[in-house]
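[1] Here is my input, please return the structure:
(one chain, ligands or ions: 1)
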Amino acid sequence: MSTSIQPQITEVTIAVVFGGVAVLVSLFAYLFSKPSFPENAPPLTKDAYPIIGSFQFFTERWDFFKRAITDSPTGNFSFYAGKHPVIGVSGPYARKLFFDSKDMSFGDGYAALLAGAPPVKEDINPSDADRNVEDFSSHFAKRLTNMVKGPQLKKGLPYLLQDARKNLDQLAAEPEGITDPFDSIYRIVFQLTMRTVACKDIAEDPALLDQCLSHFEAVEMASTPWAIMYPWMPSLSQAKRTYGGAQLYIIFKRIVDARQNEGLREDDPLQYLMDLGDSIKDIITFVIGALFAGQLNSGINAAWILIYLAHNRYWFDRVREEVISVADRYCSDSSLPLKERLMQVPIEAWENDFELIDLCLKDTIRVQTPGTAFRKNISGHDIPLNKQGTEVIPKDAYLAYAVGDVHYDPALYPDPEKWDPSRYLPERAEDKKIPYGWMGWGLGRHPCAGQRFAKLENNVIVAFFLAYFDDVKVVDKTGKPISKLPSAERNNSSAQKPTKRVYLKYKVAA
Ligand code: HEM
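    This next block holds a predicted model:
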């Protein structure tokens, strides 16, 4: 018996082994195979590894772009980000095409190449399956635009002022008079953002706000190259993202349920979405997405602008003069402290009268918002990348454009690392030297939907900070003054808190 069974076992074993190997090879090919680039696509970069493609795109973004642009005769190049075929573009022709062409999908580009917002728990909503990414991104932008329109901002202004003041009162009460603006100012921005595009209940509950902020930051920090390249691959960071997203979902769901079950109503963005009849999944996807769109850029830039002002006496004094002069215009009682006079400034002036703060923000964004914009060619055909048509963006390929192409160009912005708001004064107008020479709020078809609100909150934070405090200095953790600010981290893929922290030391203004 044993002699006849033995060969059968061996055959079965061989079949199982071969079958297993075949399945693994097919699975590997399915998961890791990459579409090839046509011959007339821009040249492939040398900076690439087998299978995973150009990992440098994730780890040293601006250096990767600089090398690839220099190595390519046209300044455009091809590479793989994991499985995704990407065309890196630079120069005026490609820039215009990138920002202006309706064939370049914003939503599809970011959905694949930016693992920002966490996945939202599935809800039962059969219509979702039919909705494409581009539709969702325009649905999202429309809702957000309605929340940051003039009348909404006007209605929300007293709350923004009150939130900013409560936070600054707390800073004023700190005995040490030292703060990390990437914590304290960042948190103010989170509260203002939560109030304006999400939920009043959370904005007004400090403990819940802090919980949401810590889930938000956990999700944000868990966005790794692997999660973008191979989203299906289980990893600790994916688990953290999913956990953080789930916690945010639970918090928002509890509030939506309470309002629905108890017939409660609030005057806030969440209620607006509920009244539109959006599904719970859509509501939560929206608010989480809006927090992600709004928080990082605004929070990081608001912290940096105060650091730059504290480090630059000339601009600090000029901006303070501007704040005083706007306050004087709307409140003639000069016996009141500046912070009280600012309370009388109307929304129109908050939006339009802080021209110097606006210049400061403009150069802060240029220096401190590194990274890349993404699109996808959804036209269904190849698109010429120059007038002669000798180079193309293949159909279904992704596009990446690094903002450093203009923002760090010394031909446009001499000494580009230097923060210098006077670059934009009429006599220098460095941003106008070429079309699309500054892109801090986006260009063409997808300008920033939150720009108006972002500028308003920035004006409020800067004006009140300067009204509350003077003798503001940049210091290290121990309070020792810092003479040179750390360099901008240009290789980051988006605005991020700096690795080397600096702090603000302040005295409460008399
Ligand atoms: C200093 C703060 C901010 C900066 C520098 C900034 C920058 C930008 C840029 C450059 C884009 C275009 C990206 C591209 O073309 O690929 C953009 C788009 C967008 N931003 Fe902002 N942003 C800021 C604040 C905000 C805030 C506070 C919100 C919302 C509350 C927001 C919501 C959006 C949305 C929804 C889009 C996409 C618009 C569309 O789909 O057409 N942003 N932003």
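[2] ok, the spatially closest residue to residue 384 that is not a sequence neighbour to the ligand distance?
    Of all residues beyond its chain neighbours, the one nearest residue 384 is residue 392 (5.7 Å), with distances taken as CB to CB, 6 or more residues apart in numbering. Bear in mind the C-beta positions are built from the backbone N, C-alpha and C, glycine included. As judged by CB to the nearest ligand atom, to the nearest Å, residue 392 and the ligand stand 21 Å apart.
[3] Kindly report the same for residue 40.
    26 Å.
[4] so what's the backbone phi/psi at the closest residue to that residue other than its chain neighbours?
    Spatial nearest neighbour of residue 40, excluding adjacent residues (CB to CB, 6+ apart): residue 392 at 5.1 Å. According to degrees, to the nearest 10, the main-chain angles of residue 392 amount to phi -130, psi 160.
[5] now do residue 393
    phi -90, psi 110.
[6] Would you confirm that it contacts residue 377?
    Yes - at 4.9 Å, residue 393 and residue 377 qualify as touching, with contact defined as CB atoms under 8 Å.
[7] circling back to that earlier point, what sits against the residue nearest to residue 40?
    38, 40-41, 382-385 (CB atoms under 8 Å, 6 or more residues apart in numbering).
[8] Check the residues you listed for burial and list the buried ones.
    Neighbour-count burial (16 or more other CB atoms under 10 Å) applied to the contacts of residue 392 gives 41, 382-383, 385.
[9] Could you dump those residues into a markdown table with pLDDT and secondary structure added?
    Rendered in a markdown table, the data for those read as follows (pLDDT from 0 to 100; DSSP: H, G, I helix; E, B strand; the rest coil):
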| residue | pLDDT | secondary structure |
| --- | --- | --- |
| 41 | 97 | coil |
| 382 | 97 | coil |
| 383 | 97 | strand |
| 385 | 95 | coil |
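[10] Show me the strands in the stretch 251-400 of the chain, by range?
    All strands of the stretch 251-400 of the chain, identified by DSSP state E, counting those that start in this stretch, fall at 372-377, 383-384, 392-393, 398-402.
[11] Does the longest one reach the ligand?
    Spelled out, it's strand 372-377. Yes - judged by CB under 6 Å from any ligand atom, strand 372-377 and the ligand are in contact via residue 373.
[12] Mind giving me the packing neighbours of that strand?
    If contacts are counted by 3 or more CB pairs under 8 Å, 6 or more residues apart in numbering; DSSP states H and E, strand 372-377 sits against helix 92-100, strand 104-105, helix 106-113, strand 398-402.
[13] Worst mean pLDDT among the ones you listed?
    Note on the helices and strands packed on strand 372-377: helix 106-113 shows the lowest mean pLDDT, a mean of 90.
[14] for the ligand, what are the nearby residues on the stretch 101-250 of the chain?
    106, 137, 141, 144, 193, 197.
[15] my guess is the last one contacts residue 269, does it?
    Yes - in terms of CB under 8 Å, residue 197 counts as a neighbour of residue 269; the distance is 5.4 Å.
[16] Mutual contacts of the two, please.
    Joint contacts of residue 197 and residue 269 (CB under 8 Å, 6+ apart) are 147, 287, 290.
[17] Am I right that the second one is in contact with residue 251?
    No - in terms of CB under 8 Å, residue 287 does not count as a neighbour of residue 251; the distance is 10.1 Å.
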